[in-house]
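K.L.:
Kindly generate the corresponding structure for this input.
(one chain, ligands or ions: 1)
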Amino acid sequence: MLTNHQRLVEELNGLAESAETAEDLMSRLVGRLREQLPHFNWVGFYMIEEQPESQEPVLALGPYVGAETPHKRIPLNQGICGAAVSSGQTVVVDDVNADPRYLACSIETRSEIVAPVFMKGKVVGELDIDSHTAAAFTDADRKLVEHCAALVGSYLERTS
Ligand code: SME
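P.N.:
Purely as a prediction, here's the structure:
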C-alpha cells in the first residue's frame, strides 16, 4: 500500500509535468505541501539572484505560503538558508532556538528543514520549511522535501 508521502509524490510529479512555468510549479508545490502536511507551517522557495557588478549574490524569496517573513533577501553566508546553499546539502534543525545560524521568521517556529535546488549540478536555490513543532521532520519528510527541490531543478533544466 502506498504511504501518504508516496501518494503525494505521485501527485506532485504530475504537477511538474503540467506546470506552465517554474514559478507556477513552485507555487503549486508550496500550496500542496502546506495543505497536505499539518506540521509544514511555512513553506517557501528562495532562489539565488545574481547582483549587478561586484556585489555578492543573495537568496531572494520566491513563492511561499505562511506568515510574512522579514527575510526576503538573505546573503549566502547567513542563516540556515545560507548554510544549505553554501554547503549544497540539506540542513535539518530540530531546535532553531539552539542554532546560532537561525534567522527568525516567526516566534512560533521551532524546527526547520532546507533542501538545495540543483540545476546541472549547480545550486540555484532551495526549498525551506518551518514547523511550529520541535524536531518535526522525519526521514520521509526529508526525502519528500528533497524530491520537491529536485522536481524544480529538473524543470529548470528542461525549460531554461
Ligand atoms: N529561518 C531561515 C530564514 C528564512 S525564514 O525561516 C522564512 C534561516 O535561518 O535562514
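K.L.:
just checking, what's the longest helix in the chain?
P.N.:
helix 139-159 (DSSP state H).
K.L.:
The residue positioned nearest the centre of the chain - nearest residue in space that isn't next to it in sequence?
P.N.:
By C-alpha atoms, centre = their mean, the chain has its centre lying nearest to L127, at 1.0 Å. Of all residues not flanking L127 in the chain, A149 sits nearest, at 4.6 Å (C-beta to C-beta, 6 or more residues apart in numbering). From N, CA and C alone the C-beta is placed, and that goes for glycine too.
K.L.:
And for that neighbour, the neighbour number?
P.N.:
A149 is flanked by 24 other residues according to other C-beta atoms under 10 Å.
K.L.:
now swap in H147 and tell me
P.N.:
By other C-beta under 10 Å, 17 other residues sit near H147.
K.L.:
if I look at it, how far off is F137?
P.N.:
Computed as C-beta to C-beta, to the nearest Å, the H147 to F137 distance reads 14 Å.
K.L.:
ok, back up a step: so the residue nearest to the centre of the chain makes contact with H147?
P.N.:
No. In this structure L127 lies outside contact range of H147 using C-beta atoms under 8 Å: 9.8 Å.
K.L.:
pretty sure D24 is in a helix, no?
P.N.:
Yes. Counting by DSSP: H, G, I helix; E, B strand; the rest coil, D24 is located in a helix.
K.L.:
how deep is it tucked in, by neighbour count?
P.N.:
Using other C-beta under 10 Å, the number of residues around D24 comes to 14.
K.L.:
what does the chain put close to the ligand?
P.N.:
42, 69, 71, 74, 79-81, 102-103, 105, 112, 128, 130 (C-beta under 6 Å from any ligand atom).
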